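Q: Everything below, folded, please.
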Amino acid sequence: MHPSFFTPRSLSVLGLSLGLLASCSKEDIQLKDAAPQSAALSSAAAAADAGSVVRRGNQYIIISSTDALPADLAAQTQAANGTLTDQLPGTGLALATSTDPNFAAKAGRISGVRSVIHDFSFQGFNPASDRNLEAVAEAENTNPASAGDNERYFPLQWGHTAIQAPEAWNAGARGAGALVAVLDGGFDLTHPDLQPNIVGSRSFVPGEPAQFGLTSFSHGSHTAGTIAAADNSLGVIGVAPDAKLLLVKVLRDAGSGSFSWMIQGIYYAVEQKADVINMSLGAAIPRNSKFRDDNGTPDDTTDDKWVNETKEIQELLVAISKATTYATQHGATVIASSGNDANNGQRDQDLVHIPSGATNVISISATAPTGWAMNPFGTNLDGVASYTNYGISDVTFAAPGGDAAYPGSDISTVAGVRQYTYAFDMVFSCTSLGRYTWSAGTSMAGPHAAGVAALIVGKNGGQMDPAQVRATLRASADDLGKPGRDPYYGYGRVNAFRAVTQAQ
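A: Modelled structure (predicted):
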């Protein structure tokens, strides 16, 4: 089939995701999960916008003083006018509901309880509108010769070249023996590039199954495809094509969710013995700010009130850190996107990004080329993405996330595919209904790093200490930017080939 080019059409301002040959107007778009890439916003102001982070009036997180929960917690919670809905042994966390406005104070007096806080909801990512795919890439490969050569859209996956994934495959590392849990929105569980590697799925979103239920952009499918799309001569290929996928839905298909769902998802992934957990989601939250309270009616904002909950935000980070520490202690390497607020974490220390700012989490910033389609073999693939959060303590490593910073609306052809030049600078992967699409964000960078972590675990035969995985990532990363750990690349941009071939 000869590729065709469709006339531009508008794309939702809530996200940036382009279907192959289903085009959009660049003037109408913003980066996925991000503020507009034209300027570094005041991140705290952006995060404090109404509807960004909302306190759930009747939903609570109980935080123990230790990793053990108090004895007879259910009965004691009931005595405090609450109902215990979940206990997560070993984390020191439990979930509860109550309509009593004094529940937190009452339950906080239970012996062994550190604090009781409200759960918060947030917009983990913003979905884009429907995209279609009707083209075949058959031209010259733009990646090094490897097992991925027979994948139809492998030539569009410049991120694999950037991290030397093809060279890692050629060295025999493909992720076999590694299980990666992807905590995200819904997934296309029947996608031909995902299905061969899916070993299980679970939803913690009430009323929504793990299967993506919309016909629009599937954020979860995109991230899962970058990590471990199968090597099956169809569309794309994952960084770790022989790794297995555990797909865990902790956000609605529309991108919103609650931190309690995230905590449950982390715990479930650990119980299923995941080697790597990828979380391409999160919220930038001011440590000192007012928040909306849904007054126990999340679908009705008419009675919402504003509250100042500085201590609750501090304790929320404690709760998430308890979950990520539990995961690390039980053998799961936890990776999260650093966020897309173009925020300097060293300068704006009032802002906390959850979960990337939690304890033991490997935080990933985004890199991207500019105008790659104009020179696929010579363009720098390691530019700093215009939207990525940065800061020496905020970024552990960098990985390909893509960008749309290339100016203008030029048209280019790569591997037989015609599209806007800026589109090729984004990350190409799976989406809903068995299709494929471009997207950009630190959400796309995290999966590249998670794929490399899976290659490391696979080479080790599975069951690898997360500290050793982190050490290998650090020793093998390409030290870009200023020598040592710097604000944009952290310890460096991950390198799959070096990670699986260097001396251990």
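
Q: what residues are up against Arg109?
A: Counting by CB atoms under 8 Å, 6 or more residues apart in numbering, Arg109 makes contact with Ala80. Using the backbone N, CA and C atoms, a C-beta is placed for each residue, glycine as well.

Q: Going forward, count from 34.
A: Renumbered: residue one is now 34, and that last one reads Arg142.

Q: that's a helix at it, yeah?
A: No. According to DSSP: H, G, I helix; E, B strand; the rest coil, Arg142 belongs to no helix; its state is coil.

Q: Run a quick neighbour tally on Pro440.
A: Number of residues near Pro440 (other CB atoms under 10 Å) recorded here: 11.

Q: actually Gly210, sorry about that
A: 18.

Q: how near is the nearest residue to it once chain neighbours are set aside to Gly208?
A: Distance criterion CB to CB, 6 or more residues apart in numbering; nearest residue to Gly210, sequence neighbours excluded, is Gly495 at 4.0 Å. Relative to Gly208, Gly495 is positioned 10 Å away (CB to CB, to the nearest Å).

Q: Settle it for me: which of those two has more neighbours?
A: Neighbour tally, Gly495 and Gly208, criterion other CB under 10 Å: the higher count belongs to Gly208, 32 against 15.

Q: That one is in contact with Gly494, isn't it?
A: No. The pair Gly208 / Gly494 is not scored as a contact, 11.8 Å apart, by CB atoms under 8 Å.

Q: residues in contact with the nearest residue to Arg235 once chain neighbours are set aside?
A: In this structure, Arg235 finds its nearest non-sequential neighbour in Val281, 5.4 Å apart by CB to CB, 6+ apart. For Val281, the contact set (CB under 8 Å, 6+ apart) comprises Ala214, Val215, Leu216, Asp217, Ser234, Arg235, Ser236, Phe237, Ala243, Gly298, Tyr301, Ala302.

Q: mind running it again at 7 Å?
A: Neighbour list for Val281: Ala214, Val215, Leu216, Arg235, Gly298, Tyr301, Ala302 [criterion: CB atoms under 7 Å, 6 or more residues apart in numbering].

Q: Adjacent strands (with direction) for whatever helix or strand it lives in?
A: Assessed by DSSP states H and E, Val281 sits inside strand 277-282. With DSSP bridges as the test, strand 277-282 is paired with strand 212-217 (parallel), strand 231-236 (parallel).

Q: on that earlier part again, which of the contacts of Val281 are the two that sit furthest away from each other?
A: Within those, Val215 and Tyr301 form the most distant pair, 12.1 Å apart (CB to CB).

Q: if you count what's nearby, which of the two comes out ahead?
A: For the pair Val215 and Tyr301, the greater number of neighbours falls to Val215 (33 against 19), based on other CB under 10 Å.

Q: For the more buried one, list each beta-bridge partner.
A: In this entry, Val215 is beta-bridged to Leu280, Asn311, by DSSP bridges.

Q: Just to check, it is in contact with Gly253?
A: Yes. If you go by CB atoms under 7 Å, Val215 and Gly253 touch, sitting 6.5 Å apart.

Q: okay, and the common contacts of those two?
A: Leu280.

Q: rewinding a little: so which of the strands paired with strand 277-282 is the most packed in?
A: Among these, the stretch with the highest mean neighbour count (mean count of other CB atoms under 10 Å) is strand 212-217, at a mean of 30.

Q: how close does the residue of the chain most remote from its centre get to Ala140?
A: Most distant from the centre of the chain: Ala112, at 38.8 Å, with distances by CA atoms, centre = their mean. Counting by CB to CB, the separation of Ala112 from Ala140 is 9 Å.

Q: likewise Leu121?
A: Going from Leu121 to Ala140 by CB to CB gives 16 Å.

Q: so the residue lying closest to Leu189 once chain neighbours are set aside is in which element?
A: Excluding the flanking residues, the one nearest Leu189 by CB to CB, 6+ apart is Phe461, at 4.4 Å. For Phe461, the element it lies in under DSSP H and E is strand 460-463.

Q: Perfect, I'm done here.
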